[in-house]
Every structure is written in structure tokens, then in C-alpha cells.
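1. Would you be able to build a 3D model of this:
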Amino acid sequence: MLAIVDYKAGNLTSVALALTALGADATVTDDPAKVRAASRIIFPGVGAAASAMANLKRLGLDDAIRDVCARDVPFLGICLGMQILFSRSEEDGGTDLLGILPGRVLRFPDGTGDKIPQIGWNDIESRDPRGFLATGEEYYFVHSYYVEKNPCTVASAHYAGTGFTAAVRRGNLFAVQFHPEKSGRLGLEMMRKFLDAPVKGDCRNA
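-> Below is the predicted model of the structure:
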């Protein structure tokens, strides 16, 4: 089963439509048992870190996500669904996150002349060992906060004078700051690669 995690913070309709366009049969669920039973998981997200974490805890999905990542189930995080995998965010006065990956989520600096949030297309630099992404590809971003570069970073981008993480990978966990479901052909191609990729490695290895 392919599960889309519903923690009341996801861009579920766009993600589900993208999967339908790819011919994938996905189940939208807020049931921790179904998430644990899924063979592949998509963890989308828009909104604020504190409310998203509150919903995950209320629904019991926080531990379910930790469990599937510990078992190295193929996992795709999108936008806020990437940020929440890290340790702590500056958002909402400081928010503890899931702590699955090491690193912080920071706010873009003011005073650079660039509008915050970043809304629009941005190109990436990639060193993704699984080949889901390539340098020079453009994807659609919507965010005021970003993940600092860290050992799991496999793609980066620049905005507001800041280099930031555009994608991370650890084992079968893959997550992106941009919205592939809003990124046209390249976004759909990236999602297809996730759906078709064989399971390999484990959660300790990039």
C-alpha cells in the first residue's frame, strides 16, 4: 500500500492528483496502523511547524513516522514534510520536531531585497546518488524557512543570500523542500522515480 499521511497540514489534493496522473493507487490516511503497514509513504506538508507537530502527536502519527523510518520503509517527504524530519525549527518561537535527521530549520534572513516567503521556481545543484534529481533542474518552492545544509543533503539551492538544503537522503528516506506535485513534468518524473525505485540500503546509510 502507498500511503499519503494526513496530519491536517498536507497539500493532499495536489499530491493525490499527481499520483493519479502517474497511475499510482494511494490511500490518504491519518491512521498510524495503516502508516506502519504501508510499503511506501508520502509525507507532504504546508503550514506551520508547531501546529503540524501538535497534530502528529494528537493522532499518534509522530511515533508511526519514526517507526517506519527506523525500518527504512521507502519514504518521500515534501516541503514541511521534509522540515519536520529534523531536530528543531525556529518557527513559532522554536519548535521541537521529529528528530529523525540531525539539523535545524531556520528562517530566511530579512534585508536581502528578496521577498519572504520564496514563492516560485528555483534551480538546484544535485549530488543525489540515486539519480532522482539533476543539477540545473528547476522546481517550485514555497517556504519562509529552510533546512541548513547537513550530512544528509543531496541537493541544494540558493535564495535570499542563503544556500539551503533542497533535498535529503538517508537510506530509503528521501525528502525535498520544493513541491514536486506543482513542478510540472520534472516533478512528476521525480515522483515516478520514487515510486519505481527498488528498496535498498538501510536507514544508517546514504
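2. Name the helix or strand of this structure that has the lowest mean pLDDT.
-> Taking mean pLDDT, DSSP states H and E as the measure, the chain has helix 12-21 as its least confident helix or strand, at a mean of 93.
3. Extract the C-alpha set from that one and format it as PDB.
-> The C-alpha trace of helix 12-21 is given here as PDB (Å, rounded to 0.1, in the frame of the first residue of the first chain):
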ATOM      1  CA  LEU A  12      -3.200  16.300  -0.100                       C
ATOM      2  CA  THR A  13      -5.300  17.100  -3.100                       C
ATOM      3  CA  SER A  14      -2.400  18.100  -5.400                       C
ATOM      4  CA  VAL A  15      -0.300  15.200  -4.300                       C
ATOM      5  CA  ALA A  16      -3.100  12.700  -4.800                       C
ATOM      6  CA  LEU A  17      -3.800  14.100  -8.300                       C
ATOM      7  CA  ALA A  18      -0.200  13.900  -9.200                       C
ATOM      8  CA  LEU A  19      -0.100  10.200  -8.100                       C
ATOM      9  CA  THR A  20      -3.300   9.600 -10.100                       C
ATOM     10  CA  ALA A  21      -1.600  11.100 -13.200                       C
END
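4. How about it, which residues are buried there?
-> For helix 12-21, a neighbour-count test (16 or more other CB atoms under 10 Å) marks Leu12, Ser14, Val15, Ala16, Ala18, Leu19 as buried. For every residue, glycine as well, the C-beta is placed using N, CA and C.
5. Which of those sits closest to Ile116?
-> Ser14 (22.5 Å; CB to CB).
6. Tell me how far that closest one lies from Val142.
-> Taking CB to CB, to the nearest Å as the measure, Ser14 falls 11 Å from Val142.
7. Could you give the separation of the longest strand seen in the chain from the chain centroid?
-> When the chain is parsed with DSSP state E, its longest strand is strand 162-170. Chain-centre distance of strand 162-170: 10 Å, with CA atoms, centre = their mean, to the nearest Å.
8. any shared contact partners between Ser14 and Val142?
-> Residues touching both Ser14 and Val142 (CB atoms under 8 Å, 6 or more residues apart in numbering): His179.
9. picking up where we left off before, so which residues make contact with the least confident helix or strand of the chain?
-> With CB under 8 Å, 6+ apart, helix 12-21 has contacts from 2, 4, 6, 26, 28, 42, 44, 78, 179-182, 187-188, 191, 195.
10. ok, 7 Å please
-> Ile4, Asp6, Ala26, Val28, Ile42, Pro44, Glu181, Lys182, Leu188, Met191 (CB atoms under 7 Å, 6 or more residues apart in numbering).
11. Out of these, the closest to Glu137 would be?
-> Among these, and counting by CB to CB, the member closest to Glu137 is Leu188, at 12.5 Å.
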